[in-house]
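Participant: my questions are about this predicted structure, shown below with the sequence.
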Amino acid sequence: RGFETVTVVRSGVVDHSDSMGAVGRYSNGDVQWMTAGSGVQHSEMFPLLSEEKENTLELFQIWLNLPKKNKMVNPHFTMLWNESIPKLEFKDKNQKSTFIELIAGKIGDTSPPLPPPDSWAADPENSVQIWIIKMQAGASWKLPAHQADLNRNLYFYRGTNLQIEGQSIPEYHKTELESHHEISLFNASLEEIQLLLLEARPIKEPVVQYGPFVMNTRQEIEETFADFQRTQFGGWPWKSSEPVHDRKQGRFAKHANGKEEFPSA
């Protein structure tokens, strides 16, 4: 209750089921953006579909808070299929490439599919940016300046020898950046590096979290526990607490209203 999950799958398969009766399967490069709102139970399973090779899974699950006015909206999820997520390429003077997967935000005139309607990201003024950045060996690129006073964090999760404004950053570290400056990035290694950029205007409201409940006051957390004990957020309609879909099922989503969707060809 009270926040959103943005599940960014880099490799592997995720099976989704929830207390609203919605289901889905998404995988390599897909993103599920779920607004928990007033409350939902959901299962995320990682089906072992291959008997011949490792069933590797890699994902980011980003927790994005909701403002007080939207904490009790109806639960909802939006699929951003890999085919619909913009992929941009920028070449430096040495013809080395930096690639951006634009999950949220804007670069120039390019924007990704819309986030859920009640998300903090739905208002462009909040400058919510979620980018996957890949840099070839020897590539340089300038992270563009945005408005001042945003929370801007760059996560260096794969590779070695990243330099930010000439400063070496160890692998698997987060760097906090000033949002109103253009920032020079350089891959000083002999292999590709990968980065995750998270940026947004802070909500500037009190945050009280207990497990998967994120509200503004302790009283609201206590009310959330009472609501869950009374309603189970709609109950659990599935026979198993850990459901997986048919092995032969492809990527799909079926929403609580019965609407089905599939990736574009």
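Facilitator: Happy to help now that I have it.

Participant: who's in contact with the strand or helix carrying residue 220?
Facilitator: If you go by DSSP states H and E, residue 220 is part of helix 218-231. Helix 218-231 is touched from outside by 1, 2, 39, 71, 208, 209, 210, 213, 215, 233, with contacts defined as Cβ atoms under 8 Å, 6 or more residues apart in numbering. Quick note: C-beta positions are derived from backbone N, CA and C, even for glycine.

Participant: surely the last one meets residue 18?
Facilitator: No - contact status for residue 233 versus residue 18: not in contact, 9.1 Å apart, counting by Cβ atoms under 8 Å.

Participant: pull up the overlap in contacts between the two.
Facilitator: With Cβ under 8 Å, 6+ apart, residue 233 and residue 18 have common neighbours 40, 41.

Participant: helix, strand or coil for residue 250?
Facilitator: Secondary structure, DSSP: H, G, I helix; E, B strand; the rest coil: residue 250 is coil.

Participant: pull the contacting residues for residue 2.
Facilitator: 36, 37, 65, 66, 71, 213, 214, 215, 220, 224.

Participant: show me what counts as buried in stretch 134-151.
Facilitator: Neighbour counts over stretch 134-151 (16 or more other Cβ atoms under 10 Å) mark 134, 135, 136, 139, 140, 141, 143, 146, 150 as buried.

Participant: let me have those residues in CSV, extended by secondary structure, pLDDT and distance to residue 90.
Facilitator: What follows is the buried residues of stretch 134-151, written out as CSV (DSSP: H, G, I helix; E, B strand; the rest coil; pLDDT from 0 to 100; distance: Cβ to Cβ, whole Å):
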residue, secondary structure, pLDDT, distance to residue 90
134, strand, 98, 11
135, strand, 98, 10
136, coil, 98, 11
139, coil, 98, 9
140, strand, 98, 10
141, strand, 98, 6
143, strand, 98, 11
146, coil, 96, 17
150, coil, 98, 21
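
Participant: can you tell me which of the residues you listed is nearest residue 118?
Facilitator: Distance to residue 118 across these (Cβ to Cβ) is lowest for residue 150, with 20.8 Å.

Participant: could you list the buried residues of the helix holding residue 220?
Facilitator: Buried-residue list, helix 218-231, by 16+ other Cβ under 10 Å: 220, 221, 224.

Participant: now the last one: how far from residue 231?
Facilitator: If I follow you right, that is residue 224. 11 Å (Cβ to Cβ, to the nearest Å).

Participant: can you name the two of the contacts of residue 2 that are farthest apart?
Facilitator: Among the contacts of residue 2, 65 and 224 lie farthest apart (Cβ to Cβ), at 14.7 Å.

Participant: which stretches of the stretch 51-200 of the chain aren't confidently modelled?
Facilitator: Judged by pLDDT under 70, the stretch 51-200 of the chain has no weakly predicted residues.

Participant: widest-spaced pair of the buried residues of stretch 134-151?
Facilitator: Once Cβ to Cβ is applied, these give 136 and 150 as the farthest pair, at 27.5 Å.

Participant: mind putting the buried residues of helix 218-231 into TSV with distance to residue 124?
Facilitator: Below are these laid out as TSV (distance: Cβ to Cβ, whole Å):
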residue	distance to residue 124
220	28
221	31
224	30
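
Participant: so which of the residues you listed is the closest to residue 247?
Facilitator: Taking the buried residues of helix 218-231 together and measuring to residue 247 by Cβ to Cβ, the closest member is residue 224, at 36.8 Å.
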